[in-house]
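Engineer: Build me a model from this:
(2 chains)
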Amino acid sequence: MNAPVLCDIPITVERGQREVFCGLTGIVWLHRKMQDAFFLVVGSRTCAHLLQSAAGVMIFSEPRFATAIMQEKDLAGLADANEELDRIVHRLLQRRPDIKTLFLVGSCPSEVIKLDLAKAAERLSASHQGRVNVLNYSGSGIETTFTEGEDTCLDALVHAAPYTDQSQLIVVGTLPDVVEDQFARLFESSGIAEAAGKVAFFPPRRAEHIPAIGPNTKFILAQPFLNITRRTLIGRGASHIPSLFPFGINGTLAWMRAAADAFDVAEANISKACEAPIARAEKALAHYRETLAGKRLWFMPDSQLEIPLARFLQQECSVDLQEIGVPYLDRQTMNSELSCLPQNSSIVEGQDVDEQLDRIRKNQPDLVVCGLGLANPLEAEGIITKWSIELVFTPIHGFDQAGDLAELFARPLQRKQRLRV
Amino acid sequence: MELALWTYEGPPHVGAMRIATSMQDVHYVIHAPQGDTYADLLFTMIERQQRRPPVTYSTFQARDLGEDTANMLKETIKKAYDRYQPNVLMVGESCTAELIQDQPGSLARGMGLPVPVIPLELPAYSKKENWGASESFYYLVRYVLASATANISANSSPHSKEETLINAKPRPKANILGPSSLGFRCRDDVVEICQLLDQVGIEVNVVAPLNATTPQLHRIPDADFNICLYPEIARTLCVWLEKTYQQPFVKTVPIGVGATVRFIEEIEAITGIDASSVKQIDRSRLPWYARSVDSTYLNGKRVFVFADGSHAIAAARIARDELGFNVVGLGTFSREMARDVRAAAAEFGLEALICDDYLTVEQHIEELHPELVLGTQMERHIAKRLGIPCAVISAPVHVQDFPARYSPQMGFEGANVIFDTWVHPLLMGLEEHLLHMFRDDFEFNDSVAPSHLHGGEHGGKHAADHGGKQRGTQARQDTTHVDTDYAQPLVAHNSDAMLQDQPIPTSWTKDAENELKKIPFFVRGKARRNTEAYAQSLGQSEISIETLYDAKAHYAR
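Structural biologist: Sure, this is the predicted structure:
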């Protein structure tokens, strides 16, 4: 254990068993966002089983993802893995003529055997010229942690983006359509859209419409797990607008202001445009403050949303933060957020799940935010939990979702009060 | 490579997890990359287990690959042993670790831990979950018994002698082998079968692996015979126990009234016990309910069965012999059970579908137009899409497969549960009759569906009347489901129609179309398809009232 210091908050680094999803899980929401894209994992039966288990609730829908399961003969070199992959992609594209973008998604086994998916994507793009754009990224557990799979996916899209020197604002990170539309209206009414020239959301709703990027592109992150994408965007000449993330009133207002500053939009315009949504958010939040105020909260490391959400819950719902676990910490991305946390916050980077559970038992928090593998066992011990996966599937960004976000944390506490069994 | 949208079975190490989690004092260390811990949620969310599965993962990442992953694994093993103090440690690897070849089993055995360490080598690129469970269970028992002969054998025999003196005529003892965590209704089947054995006069010696401890596994050889309750998990072990300890094993899986009786007969043959008082089919309500007049409408309902091997075989026999259905398709995703399922299918004059490709199974169901699907959760979704009633009879499990109430599949009570679960999704007999009688009543129209089926429109008019057409369009829209041979419009796949390679387009005269509308909506789709197929087989392009009734006579059953 060592403790580097940042913003005066000591960060504890822990190593041991990690209890987190791998980056493949991102496919579950990415394929819903980009409805013309198909995600083909090149991996093992474990990968297919993970996707199925994580996406269990979505089994009704037509899946636009699948796994090319490698078999003994692919590993033994009896079958040329590249030929096999071409055959599968061909079959898939025949079956799905509506697919315009195909992501080949690398997995732990494909990376360990060093199957070159970048080359495969190039080859397949060429052979299906014009019909489908084939991209690749890694969602493997050895390279990516849960939401980091979105980061590597968006990074691949940035590499494929055309060039423009047009002035524009790009909002980076998957948001539900309803939230995008709300933000788009705020950008309009505040004058940011006009000052920027154009506002685009990234990823686009259709993967074939990748926004062009260039030196007059300014971008703001809507999600806190896009470190690689941020660096690549900067590499393409775009400039990053640092900000808090748009969770809760404070986060969303700071985010709007940062965007306004970047395009020299007057503060008064922002105040005016945000006035009504803020009033609504205040009203919605008031319902849950009573339930949440003073409650001791514990974040297990999971989606990278932990730090911004902890900031929201502490500042706007008066919760008491016990421990904030994060799977990994990019200090540049999180800098603004960290400076808003109380000085005595306990932040743990990495994970040793057994040790963490011991600490939970010792500290008896009122609510633990954790993954699906841990929730019921903790509940059985009498500790109330909130499944973190819901935070990546539910609209939680922006003013009009601030109340919904608080409700997600209040619900298990209120349930505890209701039940007499 | 194999293209998979949904899978029936997980990887083999998940099978090993099911064995470790079933046991009370076993811990399993898996050399696996970060992310493989997802499997914990199967136990905590689907089965609603109150404790974490007793599994520790090394969760290596890319940066560890450059260093010493073997050492990392050794630390993981040591920490897991110190923390959990299991009586037995199983050590294995997942698919990725198999590629980096750290040999976790031999590493662990070299660590000098004071408990048996079982190395599990489960090839992830050729085998699957049930095989992994079966191998893990087999090795677990073998290793435990091997350590037992070294330590315990000396003082175990006087104990059994003493017991014999006290109880002049002891009841024969049986082990129940195979029930496991994430198995289909295992929790309740064990209760049901223990009660049944008690009534027959058999003492249950050990139930394993579900809720067993390793000291209990030591006692497995004390039994007179074994019951192989779930062959997918326990057959390998039962065969070995028979060879090693001369313990015969009961092979019938007691699902259904007939199978329960045969199960008891097998026990009678092994033990010489007369269990005729227990072997009464009227101990289940199924036989009477099936004979009850309202059940006559069940005659010849076309049923498609797809499940793990033992549940598929049992379901097909119940469907035919105990409910009077016609089994039109029978298959399994378990290759280990392929031989048994093929043999059973032959009894029905069918060729078994041995396949773990969800799309192929879906295609078979679409082509066979069954009236009831008995399958897994996958088939439930297929059936839902096609508007066909369905009952779930087998793993892979879903949270709904762990009902709060007691609902076994096995024994006489299991047969009661099966009657209810399979018959309720079908139109109730009287309801069907009334719908027919009142079909012209203003309150009845084509959109009236069975009151207990959701999405009435799908269950009723669309699926029945426009079934063929709707499927055709749907297949074109949902292009996932379009295979090359789907591109043609779907035609009836009755055996006669199959003779036609290229369907001739058929048109209905106005009179014939009106006549068709008089047929109750729930059989109208079939009537339309059959008539079209019949017309095509004769090379007729126009369908008149005559053709409709000719076809009706042709297909009369």
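
Engineer: How many neighbouring residues does residue 42 have?
Structural biologist: Since no chain was named, I'll use chain A. Residue A:42 has 27 neighbouring residues, counting by other CB atoms under 10 Å in any protein chain shown. For every residue, glycine as well, the C-beta is placed using N, CA and C.

Engineer: ah, I was thinking of chain B
Structural biologist: 25.

Engineer: before we move on, what about residue A:98?
Structural biologist: 12.

Engineer: I'd guessed it sits against residue A:35; true?
Structural biologist: No - contact between residue A:98 and residue A:35 fails when scored by CB atoms under 8 Å: they sit 9.0 Å apart.

Engineer: residues shared between the contacts of those two?
Structural biologist: Counting by CB atoms under 8 Å, 6 or more residues apart in numbering or on different chains, residue A:98 and residue A:35 have no contacts in common.

Engineer: so what secondary structure elements neighbour the top helix by length along chain A?
Structural biologist: When chain A is parsed with DSSP state H, its longest helix is helix A:267-292. Other helices and strands packing on helix A:267-292, by 3 or more CB pairs under 8 Å, 6 or more residues apart in numbering or on different chains; DSSP states H and E, are helix A:177-190, helix A:248-262, helix A:306-317, helix A:402-418.

Engineer: what would these look like in JSON lines with mean pLDDT, distance to chain B and mean neighbour count?
Structural biologist: Putting the helices and strands packed on helix A:267-292 into JSON lines (pLDDT from 0 to 100; distance: least, CB to the nearest CB, whole Å; neighbours: other CB atoms under 10 Å in any protein chain shown) gives the following:
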{"stretch": "helix A:177-190", "mean pLDDT": "97", "distance to chain B": "22", "mean neighbour count": "18"}
{"stretch": "helix A:248-262", "mean pLDDT": "98", "distance to chain B": "29", "mean neighbour count": "22"}
{"stretch": "helix A:306-317", "mean pLDDT": "98", "distance to chain B": "17", "mean neighbour count": "24"}
{"stretch": "helix A:402-418", "mean pLDDT": "96", "distance to chain B": "15", "mean neighbour count": "17"}
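
Engineer: The ones you listed: which one's closest to residue A:113?
Structural biologist: Nearest of the helices and strands packed on helix A:267-292 to residue A:113, taken as CB to CB: helix A:306-317 at 33.6 Å.

Engineer: after the closest one comes which helix or strand?
Structural biologist: Going down the chain from helix A:306-317, the next helix or strand is strand A:320-326, by DSSP states H and E.

Engineer: quick one: the spatially most central residue of chain A and residue A:199, what's the gap?
Structural biologist: A centroid search over chain A (CA atoms, centre = their mean) returns residue A:147, at 4.4 Å, as the residue closest to the centre. Taking CB to CB, to the nearest Å as the measure, residue A:147 falls 24 Å from residue A:199.

Engineer: what comes up buried for the longest helix of chain A?
Structural biologist: By 16 or more other CB atoms under 10 Å in any protein chain shown, the buried positions in helix A:267-292 come out as A:269-270, A:273-274, A:277-278, A:281, A:284-285, A:288, A:291-292.

Engineer: next structured bit after it?
Structural biologist: As assigned by DSSP H and E, the chain's next helix or strand after helix A:267-292 is strand A:296-299.

Engineer: Can you tell me the strand partners of that next one and which way each runs?
Structural biologist: Its sheet considered, strand A:296-299 pairs with strand A:320-326 (parallel), strand A:367-370 (parallel) by DSSP bridges.

Engineer: CA atoms of the longest one as PDB?
Structural biologist: This points to strand A:320-326. Taking Å, rounded to 0.1, in the frame of the first residue of the first chain, the C-alpha atoms of strand A:320-326 are listed here in PDB:
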ATOM      1  CA  ASP A 320     -21.800  10.900   4.800                       C
ATOM      2  CA  LEU A 321     -19.200   9.200   2.700                       C
ATOM      3  CA  GLN A 322     -17.400   6.300   4.300                       C
ATOM      4  CA  GLU A 323     -15.300   4.800   1.600                       C
ATOM      5  CA  ILE A 324     -15.100   5.500  -2.200                       C
ATOM      6  CA  GLY A 325     -13.700   2.600  -4.100                       C
ATOM      7  CA  VAL A 326     -12.600   3.100  -7.700                       C
END
